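Participant: Structure for this input, please:
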Amino acid sequence: MKLQTFALTIVILFGSTMSLAQSGPQLNRDPAAVKFVTSDIGNFWRAYDLAAKETDKAKRIAIFQTEYLDKGSPGLKDFLRLRIKSAENLVSTIDRMPKYYASIRPQTLQVQRMEKRMRAAFAKFKSIYPAAVFPDVYFLIGVTSSGGTTGPSGLLIGTEMYGKTPKTPMDELSGWLRGVLANVDYVPAIVAHESCHYNQNYNTAPDQRHLLGKALQEGSCDLIGELIAGRTINEHLKVYGRTHDPEIWRDFEANMYKPDIANWFYNATTAKDRPADLGYYVGYLITRAYYRNAKDKRQAIHDILNIQDARAFYEASGVRPALHKKSLHIDFSVQPLCSLCLCGVFCSEFINHRDSENTEVAQSRGPNVLGFWFHEVCVTLNHPAVVGLLLKDRQNVT
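Facilitator: Now for the predicted structure:
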C-alpha cells in the first residue's frame with residue numbers, strides 16, 4: 001500500500017482534555033473489566049439496509065431513529081448528543097456521500113475482531129503504569145465529523161472515519177475528509193493513544209497553555225501508544241521528520257512558548273509544504289528522549305503522564321544536546337528487537353516493520369535484497385518492533 005498522506009487531525013477527530021483521569025466517565029483499574037462495545041455498528045447496518053428500501057426521506061429518518069439511535073448503547077446516546085445531533089442529520093450525511101458509506105461496511109465490521117489487541121494494549125499500559133485507569137470504549141457510526149471523543153459513558157469512536165482503503169470512492173469527499181480518513185487498522189493505535197489522555201494529569205494554568213505544552217500533551221500519547229500498541233497514530237510524521245528535523249526544530253523552538261498552535265495542530269486544511277500536525281511529532285521526540293534517558297522507566301512514564309512544568313520537562317528530557325549531533329547510528333524505536341530486526345537493519349538502509357503504508361518507502365530506501373528479505377519475514381511473523389533508519393552523517397534528534 002502506498003504511504004498515505006494520512007494527516008490525521010486527531011484534534012477534530014478527538015476531543016481530549018489535559019486531565020481526564022480526574023473526572024468524567026466511569027473508569028476501570030482492571031483492563032480485563034473494560035467493555036469494548038460494538039453492538040451499535042450492527043444496529044447501524046440493520047437500519048441502513050431497511051432504509052435502503054425506502055425512497056421517502058421521512059421514512060428513512062424514522063428507521064434510523066428507531067432501529068439505530070433508540071436502540072443505542074450509552075455510548076451512542078452520548079455520541080448522538082455530541083456529534084450526530086439527530087437522525088435527520090445522519091440521513092442527510094449519508095445522502096451526501098452514498099458511495100462512501102456503502103463502501104465502509106467491511107471495515108467497520110472488522111472492529112469487533114480487534115478486541116484482543118486493544119485489551120492487550122491496556123494490559124501493557126497497566127504493566128508500565130500501575131496507576132492507569134481505563135474507560136469503556138464504544139464503537140459507533142456517525143456523520144464523518146469525529147473519529148472519536150469522550151462522554152460520560154467512556155471513549156466514543158466514530159468508526160466511519162476508519163473505512164479508507166485503496167478502493168475507497170473519493171469523489172464525494174471534501175478535501176479535509178480525504179486527508180483525515182484512515183484505515184481500520186489504525187483503530188487499536190488510536191484507542192491506545194486516547195487511553196493515555198485519560199491518564200494525564202497536566203498543569204493547565206495559563207502559563208502552561210502554549211505550543212510546547214500542547215506538543216507534550218499529544219506527543220506523550222504517541223509515545224505511550226507506541227509502547228503499548230506497537231505503533232503511533234502518526235507514523236507518517238516520523239518518515240517526514242527524519243529528513244526535515246533541522247527546519248522543524250528551528251520553527252518549533254522559535255514559537256514553543258507562544259499560545260498559537262495553528263501551524264502545528266489541527267491544520268489539515270491549511271498545511272502547505274509539510275504535513276499537518278507536526279506538533280505530535282515534536283512532542284513525541286521530546287518525551288521519547290526523556291524516556292530513553294531515564295534509568296527508571298516506570299518513573300519516567302509517571303513523569304510523562306504528570307507534567308506540571310512543560311519548560312522544565314523539556315530541559316530535563318535531554319533532547320536539546322542531540323539536535324545538532326552528527327553520527328553513524330541506528331535509530332530504533334522503543335520496541336524490543338528480534339533477531340530478524342537486528343540482522344535486517346545491518347543489511348538494509350531502511351527497514352520498517354508492521355507498517356504496510358510505509359512498504360513503498362522501505363522498498364525505495366532499502367535496495368539491499370537480503371535486508372529487505374529480513375524485513376518481509378518479520379512482517380509476515382507479525383513482530384511488533386519498529387526499526388528505523390541506518391543514519392549516515394545527518395542531523396538527528398534522538
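Participant: chain center to the helix or strand where residue 44 lies: distance?
Facilitator: Per DSSP states H and E: residue 44 is located in helix 39-51. In terms of CA atoms, centre = their mean, to the nearest Å, the centre of helix 39-51 is found 27 Å from the chain centre.
Participant: Rounded mean pLDDT for that helix, please.
Facilitator: The pLDDT scores in helix 39-51 average 98.
Participant: Which secondary structure elements does that helix sit against?
Facilitator: Counting contacts by 3 or more CB pairs under 8 Å, 6 or more residues apart in numbering; DSSP states H and E, helix 39-51 packs against helix 57-64, helix 105-109, strand 137-140. (Each C-beta comes from the backbone N, C-alpha and C, glycine too.)
Participant: The ones you listed into CSV, with extra columns for mean pLDDT and mean neighbour count?
Facilitator: Below are the helices and strands packed on helix 39-51 laid out as CSV (pLDDT from 0 to 100; neighbours: other CB atoms under 10 Å):
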stretch, mean pLDDT, mean neighbour count
helix 57-64, 98, 17
helix 105-109, 97, 17
strand 137-140, 97, 28
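Participant: Could you dump these into TSV with distance to residue 189 added?
Facilitator: Shown next, in TSV, are those (distance: least, CB to CB, whole Å):
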stretch	distance to residue 189
helix 57-64	30
helix 105-109	15
strand 137-140	13
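Participant: follow-up on the earlier one: can you list the residues that contact the helix holding residue 44?
Facilitator: Here helix 39-51 makes contact (CB atoms under 8 Å, 6 or more residues apart in numbering) with 59-60, 63-64, 66-68, 71-73, 75-76, 91, 94, 101, 105, 108-109, 111-112, 138-141, 159.
Participant: looking at it, residue 266 is touching residue 280, isn't it?
Facilitator: No - counting by CB atoms under 8 Å, residue 266 does not reach residue 280; the two are 10.6 Å apart.
Participant: ok, these two, which is more surrounded?
Facilitator: residue 280 (30 against 18; other CB atoms under 10 Å).
Participant: which element is that one on?
Facilitator: For residue 280, the host element (DSSP H and E) is helix 278-293.
Participant: Ramachandran angles for the residue nearest the centre of the chain?
Facilitator: By CA atoms, centre = their mean, the mean C-alpha position of the chain lies nearest to residue 233, the distance being 2.9 Å. When read as degrees, to the nearest 10, the backbone of residue 233 gives phi -90, psi 0.
Participant: Hmm, residue 222 and residue 286 touching each other?
Facilitator: No - in this structure, residue 286 is not within contact of residue 222 by CB under 8 Å, at 10.8 Å.
Participant: mind checking pLDDT for the residue lying farthest from the centre of the chain?
Facilitator: Most distant residue from the mean C-alpha position of the chain: residue 56, 38.9 Å away (CA atoms, centre = their mean). Note for residue 56: predicted pLDDT of 96.
Participant: Could I get the full set of strands for the stretch 151-300 of the chain?
Facilitator: 154-158 (DSSP state E, counting those that start in this stretch).
Participant: Output stretch 285-304 as CSV, nothing but the C-alphas.
Facilitator: What follows is stretch 285-304, C-alpha atoms only, in CSV (Å, rounded to 0.1, in the frame of the first residue of the first chain):
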residue,chain,number,x,y,z
LEU,A,285,10.6,13.2,20.2
ILE,A,286,10.8,15.2,23.5
THR,A,287,9.0,12.5,25.6
ARG,A,288,10.8,9.7,23.8
ALA,A,289,14.2,11.3,24.7
TYR,A,290,13.1,11.7,28.3
TYR,A,291,12.0,8.0,28.4
ARG,A,292,15.2,6.8,26.8
ASN,A,293,17.5,8.8,29.1
ALA,A,294,15.7,7.7,32.3
LYS,A,295,17.2,4.9,34.3
ASP,A,296,13.9,4.2,36.0
LYS,A,297,11.5,3.6,33.1
ARG,A,298,8.4,3.2,35.3
GLN,A,299,9.1,6.5,37.0
ALA,A,300,9.7,8.1,33.5
ILE,A,301,6.2,7.0,32.5
HIS,A,302,4.8,8.6,35.6
ASP,A,303,6.6,11.8,34.9
ILE,A,304,5.4,11.9,31.3
